[in-house]
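K.L.:
no letters, just coordinates:
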């Protein structure tokens, strides 16, 4: 399960990269600076698009690393342009592409912790299901929602990507 | 995996019910009709809150039913108030609470199809990972985002619910 879910989150992050590409093209067509997207948000006390993209990326990166018992590369949250955000996303895509099913063999029962949990821990399976999956999709969906709210033409196919549809035997 | 993911989606749908409850209390405090929420949307060509709640509910209900090879109860999408939306959510929560791990024993390889797939099918595992999970979280996150955009005070704890944190041995 752990590997399969990481693969699915990777697929969605790859789609997110295409949303940013479409957004940049939209900005060019409408003659506004695509940098503006980074500060857009849905509520004054919600985080802006840059944070949503950074956190979707980090949730996948740290999720894969922690479940596999590895140290993740760090990203300094210093992106100033859509191109820099896309470079970060692609760097995470490249990093997680290096994982195989074997890396997650002990993941289900691995003890995962974070400083904010004050010494408590979650099992790998609980962490993946209760934390990584919902948080990842929260920030990916908010990225999508902020872009749609600001006029970028995205649809469900852009969100989901291609489905593994099969022909009847 | 199938049962565990259905349990996690059920947890998030239970949280969604609390968001609607908080939204209704916010409307009362601000003296506006909570029915207004049902028509709120993030973009003119995106679906409103009522659809987001209906579709999050349906994605879980149909996902569980199809993976288990059962027929799901139907809901007519006729809700006119927050209370009616919450009743629908709770009806789905009650329905999926009836499933056990045993119901999903053949789910991984079960052939799942929908009219719009024109005769093609997905395996149960592909359907769950590529379709149910991302669609469910899309519509749950959009429900949350529409409420936040309209001033409802929700935070990450409302989104995630309680985490299974454990004390060190």
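P.N.:
Thanks, I have the structure now. Predicted model only: the values in this text are computed from it and were never measured.
K.L.:
for chain A, which helix is longest?
P.N.:
helix A:2-29 (DSSP state H).
K.L.:
off-centre distance for it?
P.N.:
8 Å (CA atoms, centre = their mean, to the nearest Å).
K.L.:
next: stretch A:149-159.
P.N.:
16 Å.
K.L.:
hey, where'd the strands end up in chain A?
P.N.:
Assigned by DSSP state E, the strands in chain A fall at A:111-112, A:122-123.
K.L.:
most tightly surrounded among those strands?
P.N.:
Among these, the stretch with the highest mean neighbour count (mean count of other CB atoms under 10 Å in any protein chain shown) is strand A:122-123, at a mean of 20. No exception for glycine: its C-beta is placed from N, CA and C like everyone else's.
K.L.:
name the surrounding residues that touch that strand.
P.N.:
A:108-113, A:130-131, B:163-166 (CB atoms under 8 Å, 6 or more residues apart in numbering or on different chains).
K.L.:
the inter-axis angle of the longest helix of chain A versus helix B:2-29?
P.N.:
50 degrees (axes from the mean of the first three to the mean of the last three CA atoms, to 10 degrees).
K.L.:
can helix A:2-29 be found next to chain B?
P.N.:
Yes: shown here: helix A:2-29 in contact with chain B (CB under 8 Å from any CB of the partner chain) through A:4-5, A:7-8, A:11-12.
K.L.:
including neighbour count, pLDDT and distance to residue A:22, could those go into JSON lines?
P.N.:
Output for the residues of helix A:2-29 next to chain B, formatted as JSON lines (neighbours: other CB atoms under 10 Å in any protein chain shown; pLDDT from 0 to 100; distance: CB to CB, whole Å):
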{"residue": "A:4", "neighbour count": "15", "pLDDT": "97", "distance to residue A:22": "28"}
{"residue": "A:5", "neighbour count": "22", "pLDDT": "98", "distance to residue A:22": "26"}
{"residue": "A:7", "neighbour count": "16", "pLDDT": "98", "distance to residue A:22": "23"}
{"residue": "A:8", "neighbour count": "19", "pLDDT": "98", "distance to residue A:22": "21"}
{"residue": "A:11", "neighbour count": "17", "pLDDT": "98", "distance to residue A:22": "17"}
{"residue": "A:12", "neighbour count": "23", "pLDDT": "98", "distance to residue A:22": "15"}
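K.L.:
not counting sequence-adjacent ones, nearest residue to the residue positioned nearest the centre of chain A?
P.N.:
Centroid-nearest residue in chain A, with CA atoms, centre = their mean: residue A:56, separated by 3.0 Å. Leaving aside its sequence neighbours, residue A:56 sits nearest to residue A:139 (CB to CB, 6 or more residues apart in numbering or on different chains; 3.9 Å).
K.L.:
correct me, but that neighbour touches residue A:50?
P.N.:
No: look at residue A:139 against residue A:50 with CB atoms under 8 Å: they stay out of range, at 11.2 Å.
K.L.:
so which residues of chain A form helices?
P.N.:
A:2-29, A:49-68, A:82-97, A:124-126, A:133-149, A:156-160.
K.L.:
next, the angle helix A:82-97 makes with the second one.
P.N.:
Going back to what we said before, that points to helix A:49-68. Using the same axes, to 10 degrees, helix A:49-68 lies at 10 degrees relative to helix A:82-97.
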